[in-house]
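In: Structure for this input, please:
(one chain, ligands or ions: 2)
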Amino acid sequence: MPRQIILDCDPGLDDAVAIMLAEGNPEVELLAVTTVGGNQVLDKVTHNALAVGSLAGVTAPIAAGAGHPLLEPMQDAGHVHGDSGLGGVTPPPVRRDLDPRHAVDVILETVMSRDPGTVTLVPIGPLTNIALAVRREPRIVERVFEVVLMGGAVRGGNQSPVAEFNIACDPEAAQIVVTAGWPVTMVGLDLTHQAQATEDVFARIAEVGGPVADLTLGMLSFYRDAYRASGRLDHPPLHDPCAVAHVIDPGVMTTRRAPLQVELTGTLTRGMTVADLRFPADESCRTRIAETLDADRFWDLVLDALHRLAAKASA
Ligand code: PIR
Ligand code: CA
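Out: Ligands and ions are numbered 1, 2, ... in the order given. I've put the predicted structure just below:
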């Protein structure tokens, strides 16, 4: 049985690759793709989800959610993901419809209509939709199998010295999600910075060929330039596919159980994910932090998915 997931995203260059990994890997079944304002405004990320979903052959519903965080003003990451949210590439043509429902309704209807303990939530943008879903129907907390999110950081952020972008965009939503009581695995920057697209990765993607590889290379080139321009990393980290990879193959990374909360009131530290790593956490602790990535295994998963999508597209 493939793992059934809802991918809540803000595409976004690395989100686009996460969609392709989820669609291209037979171990996961996409039940829905939902969008949230983050890397770009809601209209743009929703368009991008439809465009990437069209190219990848996503048949699951795609639905738009919250355009603004619960409390913070909306701030995008156009400096990294470009004005369109997909970097410099021309998005593929949209060949499918947007689901008319709100993302929160899609999440709730999907989780509540399926067997308990079967649906995994994979949020890879700000956590606004997931927090709204918890508040609207708290019973989803017992019903969801687990939440595997990309966000947060233990050893240093990208939006501030201590806060990661997805959490910093909507800290209140993040705190609702990580303290809800369901199992949460936080795949944060500590882990995702080990998923850097090196020259070798670019070469392997080029070998895939066809529109899927062309789109991916176009996006990653822009993403690489953005990381180099900021002086941060020479090889861009593919944050969001790491969360999907964990669902496909938990052995692709090590995780550690740790109590987790989000700082909401610090003047310098708002949006920081505070994990208590001082002692081994006891068994009742339901939050985990991702630590070490098996990068070779990770890239094999990404490349395998791209090959499958390319084969599907040319079939
Ligand atoms: C990536 C992101 C935001 C800012 C930067 N500099 C880089 C997006 C990614 O889509 C990912 O989900 C998360 N936010 C990483 O911080
Ligand atoms: Ca994202």
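
In: Do me a favour and average the pLDDT over stretch 192-201.
Out: Mean per-residue pLDDT for stretch 192-201: 98.

In: Could you do stretch 85-102 as well?
Out: Here the average pLDDT along stretch 85-102 is 96.

In: how about it: buried residues?
Out: 85-87, 89, 91-92, 94, 98-99, 101-102 (16 or more other CB atoms under 10 Å). For the C-beta atoms, the positions are set from N, CA and C on the backbone; glycine is no exception.

In: what does stretch 171-184 give?
Out: For stretch 171-184, the neighbour count (16+ other CB under 10 Å) marks 171-180, 182, 184 as buried.

In: With stretch 54-63 instead?
Out: Those would be 54-58, 60-63, for stretch 54-63 by 16+ other CB under 10 Å.

In: Just the C-alphas of the helix or strand containing Thr110, formatted as CSV.
Out: Using DSSP states H and E, the element containing Thr110 is helix 103-113. What follows is helix 103-113, C-alpha atoms only, in CSV (Å, rounded to 0.1, in the frame of the first residue of the first chain):
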residue,chain,number,x,y,z
ALA,A,103,-7.8,23.9,0.8
VAL,A,104,-8.9,23.6,4.4
ASP,A,105,-12.1,21.9,3.3
VAL,A,106,-10.1,19.6,1.0
ILE,A,107,-7.8,18.6,3.9
LEU,A,108,-10.7,18.0,6.3
GLU,A,109,-12.9,16.1,3.8
THR,A,110,-10.0,14.0,2.7
VAL,A,111,-8.8,13.1,6.2
MET,A,112,-12.3,12.6,7.7
SER,A,113,-13.6,10.4,4.9
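
In: Walk me through which strands the helix or strand just after that helix pairs with, and which way each runs.
Out: Toward the C-terminal end, the helix or strand that comes next after helix 103-113 (DSSP H and E) is strand 119-123. Strands adjacent to strand 119-123 in the sheet, as given by DSSP bridges, are strand 3-9 (parallel), strand 146-150 (parallel).

In: Tabulate those strands (CSV), appending mean neighbour count and distance to Asp282.
Out: Below are the strands paired with strand 119-123 laid out as CSV (neighbours: other CB atoms under 10 Å; distance: least, CB to CB, whole Å):
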stretch, mean neighbour count, distance to Asp282
strand 3-9, 27, 27
strand 146-150, 25, 19
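
In: burial count for Pro241?
Out: Residues near Pro241, counting by other CB atoms under 10 Å, number 29.

In: Please apply the same query to the one 4 residues further on.
Out: Close neighbours of Ala245, defined as other CB under 10 Å, add up to 31.

In: quick one: the helices in the stretch 151-300 of the chain?
Out: Assigned by DSSP state H, counting those that start in this stretch, the stretch 151-300 of the chain shows helices spanning 165-169, 171-178, 189-192, 199-208, 210-229, 239-248, 295-313.

In: Let me have those in a markdown table, extended by distance to Asp76.
Out: Converted to a markdown table, the helices of the stretch 151-300 of the chain look like this (distance: least, CB to CB, whole Å):
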| stretch | distance to Asp76 |
| --- | --- |
| helix 165-169 | 9 |
| helix 171-178 | 16 |
| helix 189-192 | 19 |
| helix 199-208 | 26 |
| helix 210-229 | 13 |
| helix 239-248 | 16 |
| helix 295-313 | 25 |
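
In: hmm, back to that, closest one of the buried residues of stretch 54-63 to ligand 2?
Out: Ile62 (15.4 Å; CB to the ion).

In: All set, thanks.
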